[in-house]
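Undergrad: I'd like to go over a predicted model; first the sequence, then the structure.
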Amino acid sequence: MGKITIYTDGSAKGNPGNGGYGVVMMSGKHKKELSEGFRDTTNNRMELMSVIVALETIKTPGAEVEVISDSKYVVDSVEKKWVFGWQKKGFKGKKNIDLWKRFLLIYPKHNIKFTWVKGHAGNLYNERCDELAVSAADGSVLLVDEGYENQKTEGLF
């Protein structure tokens, strides 16, 4: 299996509000797009969700993966190893714990490098992910982001 390149983006209308994520995955001549919309969520959750869903889609363990995102929140949290410190401290005082725990289950299964790109700067696949995310957020079928809505009820957001 060759290298897998994944572009990701998230969107939230109102932040919080309707949200969605968009993913473009490529390996060799293969290309796959993924997107889903949610009725009440945040931009950061959708940015992280896009990465998680993309990584969970990879069927072969040990894949060489590059994740390209315009989210400093996601890229810096992993590349600067903040999330591993948060994990050691039980995520005390952190948001999106459910998603970070889900990410940490899939992360060790592949060889993953994160690269940050400037959003809305004409990068073809980043722009496509944005279109997918916004379209999903505007969709008529919006899922429930249970992690967000449960944490909001508990006063964590």
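TA: Yep, that arrived. Residues are numbered from 1 along each chain as shown.
Undergrad: what strand or helix carries residue 26?
TA: strand 17-27 (DSSP states H and E).
Undergrad: so what strands line up beside that strand?
TA: Neighbouring strands of strand 17-27 in its sheet, by DSSP bridges, are strand 4-12 (antiparallel), strand 30-41 (antiparallel).
Undergrad: ok now that strand, how far from the chain's centre?
TA: Relative to its chain's centre, strand 17-27 lies at 7 Å (CA atoms, centre = their mean, to the nearest Å).
Undergrad: give me the buried positions along the lowest-mean-pLDDT helix or strand in the chain.
TA: Taking mean pLDDT, DSSP states H and E as the measure, helix 146-153 is the helix or strand of the chain with the lowest mean score, a mean of 86. Buried residues in helix 146-153, counted by 16 or more other CB atoms under 10 Å: 147, 148, 149, 151. From N, CA and C alone the C-beta is placed, and that goes for glycine too.
Undergrad: return the distance of it from the chain's centre.
TA: 17 Å.
Undergrad: okay, that helix in PDB with CA atoms only?
TA: What follows is helix 146-153, C-alpha atoms only, in PDB (Å, rounded to 0.1, in the frame of the first residue of the first chain):
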ATOM      1  CA  GLU A 146     -24.000  13.200  21.300                       C
ATOM      2  CA  GLY A 147     -20.600  14.000  22.800                       C
ATOM      3  CA  TYR A 148     -21.100  17.700  22.400                       C
ATOM      4  CA  GLU A 149     -24.800  17.800  23.400                       C
ATOM      5  CA  ASN A 150     -24.100  15.600  26.500                       C
ATOM      6  CA  GLN A 151     -21.200  17.800  27.600                       C
ATOM      7  CA  LYS A 152     -23.300  20.900  27.000                       C
ATOM      8  CA  THR A 153     -26.000  19.500  29.200                       C
END
